[in-house]
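Visitor: I'll drop the sequence and a predicted model, then ask my questions.
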Amino acid sequence: MTKIVIVGGVAGGASAACRARRLDEHAQIVLFEKGPFVSFANCGLPYYVGGAIAERGKLNVQTPQSLHKRFNLDVRTLCEVVSIDAGAHEVEVVDHASQTTYRESYDKLVLSPGAEPVRPPLPGTDLPGVLTVRSIPDVDNICALVTAKQARRAVVVGGGFIGIEMAENLIERGLSVDLVEMSSHVIKSLDYDMAVDLHRELRAHGVNLHLGEGLASIEQREEGLAVLTSSSKELLCDIVILAIGVRPESKLAQDAGIACGPRGHILVDEHLNTNLPDVYAVGDAIQVTEFVSGQPAAIPLAGPANRQGRIAATNLLGGDYAYTGTQGSSIVKVFSLAAASTGLTEEAARAQGIEVDKTYLTQPSHASYYPGAKMMGLKVLWEKNTGRLLGAQAVGAEGVDKRIDVVATAIRFGANVRDLVSLELCYAPPFNSAKDPVNMAGFVAQNVLDGKVRQFFPEDVDGLPRDGSVTLLDVRTPGECARGMIDGFVNIPVDELRDRLDQIPTDKPVYLHCKSGQRSYIAYRILVGNGYECYNLAGGYDRWSAITQG
């Protein structure tokens, strides 16, 4: 009979335990969790604060009792594994409930310690009212503080997933919220040019954004807490949420001689073995391979952690499953919008020396003539010349998850961006357009790779000459132009273009744009067919306008 000990009872650990039981009815499986809860929905914590999840008990996906009853697991909460004796195949355990210490033997050991929120060593970050969000007790503390103090003002430090979700849910709770983010934009898995849509949404719902601002210190004042930023802004509040990021809880592994990466993440092979015999590791504490680039990465997401737990349990019982990497597919709700992404961002790809090409589209979530269609922005990235799909990002009110899931699947199976053209996706007017936005992205990329269109991008607009050496042409309607134009562009609507070719010099390059890039592509083909050299603005006026407004 195999004895399996698992350290950590949330996503990766609980998945490993249940998979091991499904594969071996007779194995002895002991699951240690240092906190009071196992298998809880940590991704749902902000929504409990905001009230979308009304019952606290809904956060408990499983309990020690339910895991024992269904899977015959020996689940021990408030039991912290403090050391590993790899030679003796034993762990040392502190039972915080009884204040006792004992040793437990194992044949196979799975480490799933997770990651802990970063609390930077800055003045005031340990003050009462300065909290992090990782566990059910954390949100209990937040809710109690909001209620007891009748808190009305909050500062959230960090614009990642947790920071954004907490900002939204504190607004829903009735607080005013300032969000401080050191980067130029929120959500690291988006590029700036897509995150700007979220900036607009956050501001529209009352979140005061402080971008490009770091946390300097926190002070206790008579009127509450004062958050001081790197530019000397002073933000008064009743509660501070630190959502700066996470670090792996790998001290147990390091002390046992398990190899770790430069940032403390546990190193594993493709079968999730550590360098110690019979010891596996999964979840947020491990270093993974980023699927698209093949580079080492830390990507703390629940989906990969669950899959890793399943793979480790299979392998420790004699299987031969490989974990093939993490591509970082993710989605976040931001009030009425959703933002999703998969694969590399443009920034990350360029940092790794990959030659990137891209396009933007603005498309309806379903057939535009059917009621209720919502517009979404889509950005697709591919490797220049080869067309290898690198990543995609989408922001919109509806249908965002569907499109990114399609691209994520295509990337996982090694698709070229040209392959998006051939995807046969479900269509009926209430659900889609006959040409899905993902197909449309493939059409644009195919045209770029085949030389049928040459693009320029929003970041190129300011650098275009305004000295008459090129023609800058806006092909929107006069009504659209009345609401705003890019400096230096002249208006000839696309439907008038053939009749007004004599107004466009043939010896100068023509830079075109419309609202989204679609009508200006038609204008592009008209002009190219008449001997002009042309360039089309990817994403059109709307994407340029969103970026310039930030």
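Guide: Now that the structure is in, tell me what you want to look at.

Visitor: got a list of contacts for stretch 398-409?
Guide: 327, 329, 331, 338-343, 365-366, 374, 376, 378, 380, 389, 391-394, 420, 423, 425, 436-438 (CB atoms under 8 Å, 6 or more residues apart in numbering). Quick note: C-beta positions are derived from backbone N, CA and C, even for glycine.

Visitor: What is the burial count for D542?
Guide: 19 (other CB atoms under 10 Å).

Visitor: hmm, who's touching the helix or strand hosting it?
Guide: Using DSSP states H and E, D542 sits in helix 540-549. With CB under 8 Å, 6+ apart as the test, helix 540-549 has contacts from 192-193, 196-197, 200, 360, 362, 377, 458-459, 461, 474, 476, 480, 484, 486, 513-518, 520, 537.

Visitor: Buried residues of that helix, list them for me.
Guide: For helix 540-549, burial by neighbour count (16 or more other CB atoms under 10 Å) applies to G540, Y541, D542, R543, W544, S545, A546, I547.

Visitor: Then stretch 315-334?
Guide: By 16+ other CB under 10 Å, the buried positions in stretch 315-334 come out as 315-316, 323, 325-334.

Visitor: Equivalent analysis for stretch 426-436, please.
Guide: Within stretch 426-436, the residues that count as buried by 16+ other CB under 10 Å are N432, S433, D436.

Visitor: For those residues, please prepare a markdown table with the additional fields pLDDT and distance to G57.
Guide: Shown next, in a markdown table, are the buried residues of stretch 426-436 (pLDDT from 0 to 100; distance: CB to CB, whole Å):
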| residue | pLDDT | distance to G57 |
| --- | --- | --- |
| N432 | 96 | 38 |
| S433 | 95 | 42 |
| D436 | 97 | 40 |
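
Visitor: Can you tell me which of those end up in strands?
Guide: Among these, no member falls in strands (DSSP state E).

Visitor: between the residues you listed, which is closest to C143?
Guide: When these are ranked by distance to C143 (CB to CB), N432 comes first, at 40.5 Å.

Visitor: Count the neighbours of the closest residue to that closest one other than its chain neighbours for me.
Guide: Among residues not flanking N432 along the chain, H366 sits closest, at 5.3 Å (CB to CB, 6 or more residues apart in numbering). A total of 21 residues lie near H366 under the criterion other CB under 10 Å.

Visitor: Tell me how far H366 lies from T125.
Guide: 47 Å (CB to CB, to the nearest Å).

Visitor: before we move on, what about Q65?
Guide: Taken as CB to CB, the span from Q65 to T125 is 37 Å.

Visitor: what are the ranges of the strands in the stretch 301-450 of the chain?
Guide: Counting by DSSP state E, counting those that start in this stretch, the stretch 301-450 of the chain has strands at residues 330-334, 337-343, 356-364, 375-383, 389-396.

Visitor: how about TSV for those strands, with mean pLDDT added?
Guide: Shown next, in TSV, are the strands of the stretch 301-450 of the chain (pLDDT from 0 to 100):
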stretch	mean pLDDT
strand 330-334	98
strand 337-343	98
strand 356-364	97
strand 375-383	98
strand 389-396	98
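
Visitor: for the residue nearest to N432, phi and psi?
Guide: H366 has phi and psi values of phi -150, psi -180 when expressed as degrees, to the nearest 10.

Visitor: which residues does it contact?
Guide: By CB under 8 Å, 6+ apart, the residues touching H366 are G372, A373, E398, G399, P429, P430, F431, N432, S433.

Visitor: Please enumerate the helices of the stretch 101-250 of the chain.
Guide: Taking DSSP state H, counting those that start in this stretch as the criterion, the stretch 101-250 of the chain contains helices spanning 136-148, 161-172, 192-204.

Visitor: Ok, which of these comes nearest C43?
Guide: Across the helices of the stretch 101-250 of the chain, C43 has its closest neighbour in helix 161-172 (8.6 Å, CB to CB).

Visitor: can you dump the C-alpha coordinates of the closest one into PDB?
Guide: C-alpha atoms of helix 161-172 as PDB (Å, rounded to 0.1, in the frame of the first residue of the first chain):
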ATOM      1  CA  PHE A 161      -6.300  40.600 -10.900                       C
ATOM      2  CA  ILE A 162      -6.800  40.700  -7.200                       C
ATOM      3  CA  GLY A 163      -6.300  44.500  -7.000                       C
ATOM      4  CA  ILE A 164      -8.900  45.100  -9.800                       C
ATOM      5  CA  GLU A 165     -11.400  42.700  -8.400                       C
ATOM      6  CA  MET A 166     -11.000  44.200  -4.900                       C
ATOM      7  CA  ALA A 167     -11.400  47.700  -6.200                       C
ATOM      8  CA  GLU A 168     -14.600  46.700  -8.000                       C
ATOM      9  CA  ASN A 169     -16.100  44.900  -5.000                       C
ATOM     10  CA  LEU A 170     -15.200  47.600  -2.600                       C
ATOM     11  CA  ILE A 171     -17.000  50.100  -4.900                       C
ATOM     12  CA  GLU A 172     -20.000  47.700  -4.800                       C
END
